[in-house]
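1. Show me the folded form of this:
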Amino acid sequence: MQLQRTIHASIRPGDQSGYVAECPQLHIVTQGATLDDVAANLREAFELALEDEELEELGLAPAPVLLVTFELEPAVA
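-> Got it, this is the predicted structure:
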């Protein structure tokens with residue numbers, strides 16, 4: 001079995017304010033008032049989720065990379 005080197009997450013604008021980050025693979029959802037805040041919170045949640053886990057049992061290669069997609073709402077004229 002080939003181990004994954006990347007874990008995917010997404011950041012989107014919150015329903016009322018701020019930003020929401022989700023990583024379904026690791027069951028992570030976090031938020032922040034700014035992009036910097038939500039990115040820092042996502043990184044912390046990612047590290048905590050993997051802290052005591054055997055990466056291979058999760059199908060992950062050693063030192064996986066977190067790949068983040070940012071969702072933008074198109075401006076309508």
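
2. residue contacts, residue 43?
-> Under the criterion of CB atoms under 8 Å, 6 or more residues apart in numbering, the neighbours of residue 43 are residue 66. All C-beta spots, glycine's among them, are computed from the backbone N, C-alpha and C.

3. ok, for the most centrally placed residue in the chain, nearest residue in space, not its chain neighbours?
-> Taking CA atoms, centre = their mean, the centroid of the chain lies closest to residue 9, which sits 3.5 Å from it. The shortest distance from residue 9 to any non-neighbouring residue, by CB to CB, 6 or more residues apart in numbering, is to residue 23 (3.9 Å).

4. Which residues does the one you found form beta bridges with?
-> residue 28 (DSSP bridges).

5. Could you do residue 19 as well?
-> Under DSSP bridges, the residues paired with residue 19 across the bridge are residue 13, residue 32.

6. So for it, what's the pLDDT?
-> Predicted confidence (pLDDT) for residue 19: 96.

7. The one 10 residues further on too?
-> Residue 29 is assigned a predicted lDDT (pLDDT) of 97.

8. In terms of secondary structure, what does the host helix or strand of the residue nearest to the centre of the chain contact?
-> For residue 9, the host element (DSSP states H and E) is strand 4-13. Packed against strand 4-13, as judged by 3 or more CB pairs under 8 Å, 6 or more residues apart in numbering; DSSP states H and E, are the following elements: strand 19-23, helix 35-50, strand 60-70.
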